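> any chance you could fold what I've pasted below:
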Amino acid sequence: VRERTFSRTATVGLRFCGRAVPDGLTHQFIGGLFLVEPGREEHLLDLLETGDGQALLAYVAALHRPPVLIGPDGREIELGTAPAGPAPAPIVLDPEVTRQVMEHLEQRWCTEPVPALAGFTPEQAVADPTRREDVRRLIDSFPEPDDAHGVMGLRPQALKQRLGLD
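From the prediction side, this is the model:
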């Protein structure tokens, strides 16, 4: 059987289902191939024997369905959706408390190892002339916080000042 795509990822021991048809020389798969989980082979063969295309389609669709939560009574649990309507107003924080929290977080960030800086702390990286620009580029990649919408984050300009990069 000739096939062009699945064989690149297939490994020994995988079981899959597909339709092979004569192509004049040998056979060729048409349509999609799908994996058959161990222990499900007999069920799939029984399903194929019935010739019920709708049942086969339902079986294949269920392979790609997200997980389902089943309650103790055996019924599927329906997950609710967010209520329609306007979003709640953002929480307004005391500006002084916000400033203190941000200063604490920024001080902590400057003294903790950062994977993007090869595990160095920003303070260590700034002290090394060969890494100084790496710190600047990293900080420049941070988005500005949006206080008007309640979005907090590290303040790039404050970090640069703290590290002597301004």
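> need the CA coordinates for the longest helix seen in the chain. CSV is fine.
The longest helix of the chain (DSSP state H) is helix 95-111. These are the backbone C-alpha positions of helix 95-111, laid out as CSV (Å, rounded to 0.1, in the frame of the first residue of the first chain):
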residue,chain,number,x,y,z
PRO,A,95,-3.1,53.9,44.0
GLU,A,96,-0.7,53.9,47.0
VAL,A,97,-1.3,50.2,47.6
THR,A,98,-0.8,49.5,43.9
ARG,A,99,2.4,51.4,43.8
GLN,A,100,3.8,49.5,46.9
VAL,A,101,2.8,46.1,45.4
MET,A,102,4.4,47.0,42.1
GLU,A,103,7.6,48.2,43.7
HIS,A,104,7.8,44.9,45.7
LEU,A,105,7.2,42.8,42.6
GLU,A,106,9.7,44.8,40.5
GLN,A,107,12.4,44.5,43.3
ARG,A,108,11.7,40.8,43.5
TRP,A,109,12.0,40.3,39.7
CYS,A,110,15.3,42.1,39.7
THR,A,111,16.8,39.7,42.3
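> which other helices and strands contact that helix?
helix 122-127, helix 156-163 (3 or more Cβ pairs under 8 Å, 6 or more residues apart in numbering; DSSP states H and E). C-beta here means a position set from N, CA and C on the backbone, and glycine is covered the same way.
> now distance to residue 91, mean pLDDT and mean neighbour count too, for those, in TSV please.
Below are the helices and strands packed on helix 95-111 laid out as TSV (distance: least, Cβ to Cβ, whole Å; pLDDT from 0 to 100; neighbours: other Cβ atoms under 10 Å):
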stretch	distance to residue 91	mean pLDDT	mean neighbour count
helix 122-127	29	96	20
helix 156-163	22	95	17
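> could those helices be laid out in TSV, adding distance to residue 86?
Formatted as TSV, the helices and strands packed on helix 95-111 follow (distance: least, Cβ to Cβ, whole Å):
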stretch	distance to residue 86
helix 122-127	40
helix 156-163	31
